[in-house]
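K.L.:
predicted coordinates and the sequence they were generated for:
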Amino acid sequence: HLATSLPLPSERDHLRPRIDLIVFICDIKNKYSLKNVEACLDHVDASFFLGKVCFLVTGVGRLNYCSVEVNAIWKLGEVYCSPVLFCELELDGIRVATAQRLLRMLQICAGHVPGVSALCFGSLMRNSADD
């Protein structure tokens, strides 16, 4: 399910499936994209930041057209203890690899991977980014 902003409308709450992972997408070429992500963060329950949120940054193949500071996005990941993934959706191979990575994250967050919790996985993602 996709939403362009939060909060989600409440009139369909009873039909909404459980939310296992929230992916905030930020287009590095659009300064309003980061502002939208920042505005939406206030509507997310704090418990989701324990392994069930990530930031996906698109457009990284064109850093010379950048309207968003990469450090600002890294800071979001740091402040909200959530991994930051960078990708270029215009390239087929990277788009497929990113989709597979997000799917694996979703499987973990939904509890479909025995022995790996979303909190543990989020911690591993942050530690590997620090190396």
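P.N.:
On my side now, so go ahead. All values reported here derive from a predicted model rather than from experimental measurement.
K.L.:
name the residues that touch the longest helix seen in the chain?
P.N.:
Among the elements of type helix in the chain, defined by DSSP state H, the one spanning the most residues is helix 92-109. Contact partners of helix 92-109, identified using Cβ atoms under 8 Å, 6 or more residues apart in numbering, comprise 20-21, 23, 51-52, 54, 56, 85, 87-89, 113, 116-118, 121. Placement of C-beta: from N, CA and C, glycine included.
K.L.:
helices of the chain, start to end?
P.N.:
Assigned by DSSP H, the helices in the chain fall at 31-41, 70-79, 92-109, 118-130.
K.L.:
in the third one, what's buried?
P.N.:
Of the residues in helix 92-109, those with enough neighbours to count as buried (16 or more other Cβ atoms under 10 Å) are 94, 98, 102, 105-106, 108-109.
K.L.:
cool, stretch 69-80 as well?
P.N.:
When neighbours are counted by 16+ other Cβ under 10 Å, the buried residues of stretch 69-80 are found to be 73, 76-77, 80.
K.L.:
what mean pLDDT would you report for that stretch?
P.N.:
Taken as a whole, stretch 69-80 has a mean pLDDT of 90.
K.L.:
now stretch 12-22 - C-alpha only, PDB.
P.N.:
Once side chains and other backbone atoms are set aside, the C-alpha atoms of stretch 12-22 remain, and they are given as PDB (Å, rounded to 0.1, in the frame of the first residue of the first chain):
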ATOM      1  CA  ARG A  12     -10.800   2.800   6.500                       C
ATOM      2  CA  ASP A  13      -9.000   1.800   9.700                       C
ATOM      3  CA  HIS A  14     -11.000  -1.300  10.000                       C
ATOM      4  CA  LEU A  15     -10.000  -2.500   6.500                       C
ATOM      5  CA  ARG A  16      -6.300  -1.600   6.800                       C
ATOM      6  CA  PRO A  17      -3.900  -4.500   7.100                       C
ATOM      7  CA  ARG A  18      -1.300  -4.600   9.800                       C
ATOM      8  CA  ILE A  19       1.700  -2.300   9.000                       C
ATOM      9  CA  ASP A  20       5.000  -4.200   9.200                       C
ATOM     10  CA  LEU A  21       7.300  -1.700   7.500                       C
ATOM     11  CA  ILE A  22       7.200   2.000   6.700                       C
END
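K.L.:
cool, thanks, signing off.
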